[in-house]
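>>> Following is a predicted model, sequence given first.
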Amino acid sequence: MTTTWLTRTLHGALWTMVFLLPVKFGGLVLLPDRPVNPSDWCLSRWPLELAVVFAFVWAAVAIVAAWRQHGVALGGWAWLPLVWFASQWLSASVSPWPARAWSVAAFFSVAAIFFFIGWWPRENERRYRTVLGALVAATVLVCLVALHQHFVGFEEALRYAREHPESVPPEVRANLAAVQGKLAQNRVFGTLFYSNTLAGYLILIAAPVCCWFWGFIRERMEGDERVVRVVSAALTTAFAAIVLWCLLLTRSKGGFVMLALALAGGLALCRHVNWRWRVGVLSTLLAVGAIFFGVQGARRGMETLEARGDYWRAGVAMIAEQPWLGGGPGTFGKRYVERRRPEAEPTLLAHNNFLQQWTDSGVIGFASFTALWVGALWRGARRLRTGPFDPLEWATWIGLAAWTGHNLVDFDLYVAAVAWPAFLMAGWMLRPTSLTTG
């Protein structure tokens, strides 16, 4: 696209949409958010339907603009998300629970749109930097909310519930002891659905937003080069420390381990980093995790892993029964009820997005979804090994690697604030190399 008022409007709308995702659309697609008064609209999450409609309108305008100026052509990796997209609607069309399946398929359609926002050849570098700028602003707000929860919010909520039980909704009052126990764990979740969702968001965006933040400061500072380097490095380190602190406060062992493994892989691909620095960074990160989580955290991790084992065993049984088309997008919980052991925890999702793609969308959905993320990581690794070093590409690879690993133990795919930016990052990683600028 040329730089016109329409292009600037599209970039501004994209910035706004991405900024609002973690701030206002961090809920679970299967549990709709319904604000009931002005206070709720200010302080709570918004209905996901608003984001879906906004994304479809944005995509329609962007496609028309691209068609008029440059034409529209698809090829290469762009067919993978289209196959995945088609598999969702095919599975939804035969699902015994059409209402849920259609709504989740529409949600996944927006994920495919976000893939093409990152992949689209013309000006994808500028669009991607627009997205990262929005995520930096949103992450600052999300982290501030998380830190407020840690230091003030949870204690205030517990005290208010004890002093004013009549103000607590009936459905919450029935399980008040369990809710109080959850709050007493002091696991922050910021503006997102729950603690592990915040962890999934942070490990996805931490590296690329820190890279963008560092470049943004360097480009706008003037003066002695040494001073610029020191100031930009200090501010970026402070920003990264806050993000890492919030990740630790989620107490998500899976998120922390996946980030550590992704960073290990990223450092192995980075030929410009001395091996002593690689060992030092990883040793420090692992030491921080070991100290923070400790023995009690490891014990709790075994308990959650046992619960996930129940979900996964049921998922394998579902695949054996319906391997080709599955039960429909988002319907794992409907069938899990029939297979749940009395002592097992209830769930709506499999806590493994790869497994659930097969249970819900069949073999084609599983194969195309897996190929998309494996392909993004393979393509990024190949570029980093054979081409000139690109810090932003390296940071994006780390985020995608960490998030892909987290897909094995959680349900980030069903939260717009995490899934949609991940698809955009995958699209940018798989972008056509010959047309990266407009």
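Arrived safely. Treat the numbers as computed from the prediction; the structure is a model and nothing was measured. Residues are numbered from 1 along each chain as shown.
>>> mind checking which helix or strand of the chain has the lowest mean pLDDT?
In the chain, no helix or strand scores lower on mean pLDDT, DSSP states H and E than helix 170-173, which sits at a mean of 51.
>>> In what element of secondary structure is the nearest residue to R341 once chain neighbours are set aside found?
Nearest residue to R341, sequence neighbours excluded (CB to CB, 6 or more residues apart in numbering): D310, at 6.4 Å. Heads up, the C-betas are built off the backbone N, CA and C, glycines and all. For D310, the host element (DSSP states H and E) is helix 275-321.
>>> Just the buried positions in stretch 380-399, please.
Residues G380, A381, R383, L384, L392, E393, W394, A395, T396, W397, I398, G399 are the ones in stretch 380-399 that count as buried (16 or more other CB atoms under 10 Å).
>>> can you pull the contacts of the third one?
When contacts are counted by CB atoms under 8 Å, 6 or more residues apart in numbering, R383 is found next to D390, E393, T433.
>>> Now the first one: phi and psi?
Looking back up the chat, that one is D390. Per-residue torsions, D390: phi -120, psi 110 (degrees, to the nearest 10).
>>> Provide the contact partners of stretch 77-84 at residue level.
The contact list for stretch 77-84 (CB under 8 Å, 6+ apart) reads 74, 108, 111-112, 115-116, 119, 364-365, 368-369, 371-372, 375, 379, 423, 427, 430.
>>> Give the buried residues for that stretch.
Buried positions in stretch 77-84, judged by neighbour count with 16+ other CB under 10 Å: W77, A78, L80, P81, W84.
>>> And the second one, how close does it get to N353?
Using CB to CB, to the nearest Å, one gets 21 Å for the distance from A78 to N353.
>>> quick check, A238 in a strand?
No. Per DSSP: H, G, I helix; E, B strand; the rest coil, A238 lies outside any strand segment and is helix.
>>> State the helix or strand in which the closest residue in space to A240 that isn't next to it in sequence lies.
Closest residue to A240 apart from its sequence neighbours, by CB to CB, 6+ apart: C210 at 4.8 Å. Using DSSP H and E, the element containing C210 is helix 195-220.
>>> and that helix, which residues are buried?
Residues 195-217 are the ones in helix 195-220 that count as buried (16+ other CB under 10 Å).
>>> Then stretch 233-240?
For stretch 233-240, burial by neighbour count (16+ other CB under 10 Å) applies to T236, F239, A240.
>>> For the first one, give its distance to T7.
Right, T236. For T236 relative to T7 (CB to CB), the value is 29 Å.
>>> Over to W245?
Distance of W245 to T7, given as CB to CB: 38 Å.
>>> ok, the two, which is more surrounded?
Taking other CB atoms under 10 Å, W245 and T7 do not tie; T7 has more neighbours (19 against 16).
>>> would you say that one is within a strand?
No. Read with three-state DSSP, T7 is helix and lies in no strand.
>>> helices or strands up against the helix holding D310?
The helices and strands touching helix 275-321, judged by 3 or more CB pairs under 8 Å, 6 or more residues apart in numbering; DSSP states H and E, are helix 225-249, helix 253-269, helix 332-339, helix 353-386.
>>> Looking at those, which is nearest to V36?
helix 332-339 (25.4 Å; CB to CB).
>>> Pull out the buried residues from that closest one.
Per 16+ other CB under 10 Å, helix 332-339 contains these buried residues: F332, G333, K334, R335, Y336.
>>> likewise stretch 396-412?
By neighbour count on 16+ other CB under 10 Å, the buried set for stretch 396-412 is 396-407, 409-412.
>>> from the buried residues of stretch 380-399, which is closest to R341?
Distances from R341 to these, taken by CB to CB, are shortest for G399, at 36.3 Å.
>>> in terms of contact, does that closest one touch C211 like I think?
No. Counting by CB atoms under 8 Å, G399 does not reach C211; the two are 9.6 Å apart.
>>> If you tally nearby residues, what's the number for the closest residue to L267 other than its chain neighbours?
Spatially, and ignoring its direct neighbours in sequence, L267 is nearest to R278 (4.3 Å; CB to CB, 6+ apart). Other residues within reach of R278, judged by other CB under 10 Å, total 16.
>>> Check P432 too.
So P432, with other CB under 10 Å, has 15 neighbours.
>>> Give me the distance between it and C42.
P432 sits 42 Å away from C42, going by CB to CB.
>>> in which helix or strand would I find R68?
Once you assign secondary structure using DSSP H and E, R68 falls within helix 48-69.
>>> got the CA positions of the following helix or strand past that helix in PDB?
As assigned by DSSP H and E, the chain's next helix or strand after helix 48-69 is helix 79-93. Provided in PDB are the C-alpha atoms of helix 79-93 (Å, rounded to 0.1, in the frame of the first residue of the first chain):
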ATOM      1  CA  TRP A  79      -2.500 -22.200   2.300                       C
ATOM      2  CA  LEU A  80      -1.900 -23.700   5.700                       C
ATOM      3  CA  PRO A  81      -4.200 -21.400   7.700                       C
ATOM      4  CA  LEU A  82      -6.800 -21.600   4.900                       C
ATOM      5  CA  VAL A  83      -6.800 -25.400   5.200                       C
ATOM      6  CA  TRP A  84      -7.100 -25.100   9.000                       C
ATOM      7  CA  PHE A  85      -9.800 -22.500   8.600                       C
ATOM      8  CA  ALA A  86     -11.800 -24.700   6.300                       C
ATOM      9  CA  SER A  87     -11.400 -27.700   8.600                       C
ATOM     10  CA  GLN A  88     -13.000 -25.700  11.500                       C
ATOM     11  CA  TRP A  89     -16.100 -24.900   9.500                       C
ATOM     12  CA  LEU A  90     -16.400 -28.400   8.100                       C
ATOM     13  CA  SER A  91     -16.300 -29.900  11.500                       C
ATOM     14  CA  ALA A  92     -18.700 -27.300  12.900                       C
ATOM     15  CA  SER A  93     -21.200 -28.200  10.100                       C
END
